[in-house]
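# Could you work out the structure for the sequence below:
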Amino acid sequence: MFPTTVEKVTLGSLHFRKRKCCYVKMEGTDTGGNTYLIRPNYHHKFKAAVVKECIHDILREQLSGVQYDPDEVGVLSRSLADCIKDKLKDVGFDRYKLVVQVVIGEQRGEGVKMAARCFWDADTDSYAQDIFMNDSLFCVAAAFGSYFY
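Prediction:
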């Protein structure tokens, strides 16, 4: 099988064994190993300005000329969230977990307050948001990026 040699060396009352083993490396089995990165490099860091621009473009493209319909709001908000998440994945935030939240409401002249709290690493994690409003509806979209260690 594998060639093995064993030498026994005696020094007083101590016994040592030297073992020499030969192993055969299989071709094509190198997986590259784990990188154990705990911080993203500058080019792969979550950039709030880039994310906000992506959200802004999608909201303007998808919601321009749309009227508020309470029966369609659920489908529309899920569709927008999926579209934003797909575009952010294409931007290339490697090893980031993305959470996208979209809220659509009817424009009635009333105020709305929203808040979010997150427990994260301030050096690597961030978020971006954008607001779209027309005469019929308002939409708030937020994207959160959390670095996966």
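# check contacts around Phe93.
Phe93 is in contact with 44, 46, 145, counting by CB atoms under 8 Å, 6 or more residues apart in numbering. The C-beta positions use only the backbone N, C-alpha and C, and glycine is treated the same way.
# want to throw those into a markdown table with pLDDT and secondary structure?
Formatted as a markdown table, the contacts of Phe93 follow (pLDDT from 0 to 100; DSSP: H, G, I helix; E, B strand; the rest coil):
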| residue | pLDDT | secondary structure |
| --- | --- | --- |
| His44 | 83 | helix |
| Phe46 | 94 | coil |
| Gly145 | 96 | strand |
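# dump the residue contacts of the spatially closest residue to Gly105 that is not a sequence neighbour.
Of all residues not flanking Gly105 in the chain, Phe138 sits nearest, at 5.4 Å (CB to CB, 6 or more residues apart in numbering). With contact set as CB under 8 Å, 6+ apart, Phe138 has these partners: 104-105, 107, 112, 131-132.
# Only the buried members of those residues: can you turn that into a PyMOL selection?
Remark: buried members of the contacts of Phe138, expressed as a PyMOL selection using 16 or more other CB atoms under 10 Å:
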select buried, resi 104+132
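# Can you say which two of the contacts of Phe138 are spatially most distant?
Distances among those were taken as CB to CB; the most separated pair is Val112 and Phe132, at 13.4 Å.
# re the thing from before, looking at neighbours, which among the contacts of Phe93 is most surrounded?
Gly145 (24 neighbours; other CB atoms under 10 Å).
# ok, now which ones touch the nearest residue to that residue once chain neighbours are set aside?
Leaving out its chain neighbours, the residue that sits closest to Gly145 by CB to CB, 6+ apart is Phe46, at 3.7 Å. Phe46 makes contacts with 40, 93, 96, 124-126, 145, 147, as judged by CB under 8 Å, 6+ apart.
# can you put those residues in a markdown table and add secondary structure?
Output for those, formatted as a markdown table (DSSP: H, G, I helix; E, B strand; the rest coil):
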| residue | secondary structure |
| --- | --- |
| Pro40 | coil |
| Phe93 | coil |
| Tyr96 | strand |
| Thr124 | coil |
| Asp125 | coil |
| Ser126 | strand |
| Gly145 | strand |
| Tyr147 | strand |
